[in-house]
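A.B. asks: sharing a sequence plus its predicted fold:
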Amino acid sequence: MIEEPNLIGFGWVFSFVLFMVILYLVGLGNIENQPLKYDALLGSRMKQLGLIHWKQLAQTAGISTLRLRQIRSGSVGNIPWGELRQLAQALNWSMGELEQQLGLEPLATPSEPLPVVGQSNSELEAQLRQQCQHLREELENQKCQIWESFCQSTFEELQTLLTNYPTAAEMARIKPDLPAKNLTALFATLDNLLENWGYEPIGKPWESVPYNPQFHQGDCDEMQPGEAVYIRFVGYRQGDRILSPAKVSRTLPSGIKPSSSDQIQG
């Protein structure tokens, strides 16, 4: 039988995950959990419909939690109309009711007066510069709001892992022989995060699959399409886009048996 990996050998995985989380949250500082602009309005409607969590509303509407957070914060100017329509349907509102509740209005006209005949080139240039500066400021504000929403949404998804990781690390130090499988439940938050992002794994560890250079990265150059190989490390895809190919080999580590699979994945 294969010995269970202990937490010493498994600790690098925790460290890598924590490093990724720090990259997401760097520069954000302390995250505030204050109610957002439309939380009271949308929360009241959710209670009427029996929806308890924001994630539940996002799933019902078919939009991401990050997109929903943008709407909750009032940053609706760059939200696709189709996603707003999906949210309206999830809230059992018409588009007109949603627009009225969120105060959506047609695109505002520039506050600066339109150029008129007789204006000098310098005056026109000054007006254009002013309008460009205004647009730059708006884009910068939207960029900051999107980044903050992304960080907040990512933190919410990984909060369980971030909360329990320090205790798990201390437990690993005190009891280095504790089986790593006792702590694998911590990684469920990562699965939820990938699901919300629309990221799908390519294959399963130690699964036997036919080699496909579109989805797999071999550890040698002699592999031929269709050749039986084993997945050492899974890859990830988002729809038809390959984010990272699965790393495959002709052999498995000593003592490892191939994992069974009812269906071969690409």
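C.D. replies: Everything's here; your move. Residues are numbered from 1 along each chain as shown.
A.B. asks: out of everything not next to it in sequence, what's closest to residue 39?
C.D. replies: Ranked by Cβ to Cβ, 6 or more residues apart in numbering and with sequence neighbours excluded, the top spatial neighbour of residue 39 is residue 72, at 5.6 Å. C-beta: built from backbone N, CA, C; applies to glycine.
A.B. asks: tell me who's in contact with that neighbour.
C.D. replies: Residue 72 sits next to 36, 37, 38, 39, 42, 54 when contact means Cβ atoms under 8 Å, 6 or more residues apart in numbering.
A.B. asks: tell me where the stretch 151-266 of the chain has helices.
C.D. replies: Applying DSSP state H, counting those that start in this stretch to the stretch 151-266 of the chain gives helices spanning 188-197.
A.B. asks: mind listing the strands for it?
C.D. replies: In the stretch 151-266 of the chain, the segments counted as strands under DSSP state E, counting those that start in this stretch are 200-202, 208-210, 216-218, 228-233, 235-238, 241-244, 246-249.
A.B. asks: and the last one, which residues are buried?
C.D. replies: Just to be clear, that refers to strand 246-249. 246, 247, 248, 249 (16 or more other Cβ atoms under 10 Å).
A.B. asks: reformat these as CSV; add distance to residue 227 and pLDDT.
C.D. replies: Formatted as CSV, the buried residues of strand 246-249 follow (distance: Cβ to Cβ, whole Å; pLDDT from 0 to 100):
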residue, distance to residue 227, pLDDT
246, 14, 92
247, 15, 93
248, 10, 94
249, 11, 93
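A.B. asks: and which of the residues you listed is nearest residue 208?
C.D. replies: When these are ranked by distance to residue 208 (Cβ to Cβ), residue 248 comes first, at 9.8 Å.
A.B. asks: quick one: contacts for that closest one?
C.D. replies: Residue 248 is in contact with 209, 211, 216, 217, 218, 219, 223, 229, 230, 231, 232, counting by Cβ under 8 Å, 6+ apart.
A.B. asks: who's it bridged to?
C.D. replies: Beta bridges link residue 248 to residue 218, residue 231, judged by DSSP bridges.
A.B. asks: quick check: the gap between it and residue 199.
C.D. replies: Using Cβ to Cβ, to the nearest Å, one obtains 19 Å as the distance from residue 248 to residue 199.
A.B. asks: re earlier: in JSON lines: the contacts of residue 248, plus neighbour count and pLDDT.
C.D. replies: Below are these laid out as JSON lines (neighbours: other Cβ atoms under 10 Å; pLDDT from 0 to 100):
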{"residue": "209", "neighbour count": "21", "pLDDT": "94"}
{"residue": "211", "neighbour count": "16", "pLDDT": "95"}
{"residue": "216", "neighbour count": "23", "pLDDT": "95"}
{"residue": "217", "neighbour count": "14", "pLDDT": "92"}
{"residue": "218", "neighbour count": "17", "pLDDT": "92"}
{"residue": "219", "neighbour count": "12", "pLDDT": "90"}
{"residue": "223", "neighbour count": "18", "pLDDT": "92"}
{"residue": "229", "neighbour count": "24", "pLDDT": "94"}
{"residue": "230", "neighbour count": "19", "pLDDT": "94"}
{"residue": "231", "neighbour count": "26", "pLDDT": "92"}
{"residue": "232", "neighbour count": "18", "pLDDT": "91"}
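A.B. asks: for those residues, which two are the farthest from each other?
C.D. replies: 209 and 219 (14.3 Å).
A.B. asks: quick check: the residue nearest to residue 39 vs residue 42, distance?
C.D. replies: Distance from residue 72 to residue 42, by Cβ to Cβ: 6 Å.
A.B. asks: same check on residue 143?
C.D. replies: From residue 143 to residue 42 the distance is 24 Å (Cβ to Cβ).
A.B. asks: between these two, which has more neighbouring residues?
C.D. replies: When neighbours are counted by other Cβ atoms under 10 Å, residue 143 and residue 42 differ, and residue 42 comes out ahead with 21 against 10.
A.B. asks: continuing past the helix or strand where that one lies, what's the next helix or strand?
C.D. replies: Assigned by DSSP states H and E, residue 42 falls within helix 39-49. With elements assigned by DSSP H and E, the helix or strand that comes after helix 39-49 is helix 54-61.
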